[in-house]
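Trainee: Build the 3D model from these lines:
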Amino acid sequence: MSTESAYGSQEGATVERSAHGLFGRLLYRPFWLFVFTLCKLLFRLRVDGRKNLPDGPFIMSAVHRSFVDTPIVGVITGKRMRFMGKESLWKNRPLGAFLTFFGGFPVERSGADRTALRAAQDVLALGEPLVMFPEGTRQEGPRLNREQVLDGPAFVAARAGVPIVPVGIGGSAKALPLGAKIPRPRKIVVVIGEPIDPPDKVNGKVPRRAVKDLTDQLFADLGDLYIEARVLAGDEPEPAS
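Mentor: Below is the predicted model of the structure:
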């Protein structure tokens, strides 16, 4: 099935803004290898469940407890992963170059989240996998909070007709805790869960209830994967309540 038939026609200029430029594509592989090697040496990175990654475009939704989660999810597969970032980050040229090399693309957030969601759909329309942290920003705690798991990934997955791949990350919160600036050597384990299929559309639209149900399923799967990843990373289990 062609990308256009799967996701509908896209305006060329709109899709182009989210495309990975030639310079970024050329440098992505050596940059990926550098970051992967660094993660293996510093964090003794272990990845379980790579077989669950789909062949086509998908949304990778991971637990977010540390800044190192971003490079970690970027190297757990050889596929070129894409990341959204607020446009102001690109005003810092070194940081902007880093983000571009690693598959990031800027999104203007001053208007509305709709711009970011459309950009996410553009990337998937190009046939590329996209990283979306469902908690939006870094959170704390040994378990997920349902109220902090947003509908964004489910909404985009439902609109684009692509699966969501839940990912648990254990050990990153201790490798670079909130407030810390320098990562410390710490084992990190990533557990990739089975893809969650998007809901069917009704009369060409995605029911609001279906999006919420998809988010509920993502929350449940992420919770289990996060606990599994933490145990494998050697984190102390949470005392039974």
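
Trainee: where does this protein dip in pLDDT?
Mentor: Low-confidence segments of the chain, defined by pLDDT under 70: 1-25, 108-113, 236-241.

Trainee: And the residue nearest the centre of the chain?
Mentor: Val131 (2.3 Å; CA atoms, centre = their mean).

Trainee: Which helix or strand contains Phe105?
Mentor: Using DSSP states H and E, Phe105 maps to strand 104-107.

Trainee: Beyond that strand, next helix or strand please.
Mentor: Going down the chain from strand 104-107, the next helix or strand is helix 113-125, by DSSP H and E.

Trainee: now that next one: how far from the chain's centre is it?
Mentor: Averaging C-alpha positions (CA atoms, centre = their mean, to the nearest Å) puts helix 113-125 14 Å from its chain's average.

Trainee: Please save the CA atoms from that helix in CSV.
Mentor: Extracted in CSV, the C-alpha atoms of helix 113-125 (Å, rounded to 0.1, in the frame of the first residue of the first chain):
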residue,chain,number,x,y,z
ASP,A,113,-1.0,22.1,19.6
ARG,A,114,-2.8,21.4,16.3
THR,A,115,0.4,22.5,14.5
ALA,A,116,2.5,19.9,16.3
LEU,A,117,-0.1,17.2,15.7
ARG,A,118,-0.2,18.0,12.0
ALA,A,119,3.6,17.9,11.8
ALA,A,120,3.5,14.5,13.5
GLN,A,121,1.1,13.2,10.8
ASP,A,122,3.3,14.7,8.1
VAL,A,123,6.3,12.6,9.3
LEU,A,124,4.2,9.4,9.4
ALA,A,125,2.9,10.3,5.9
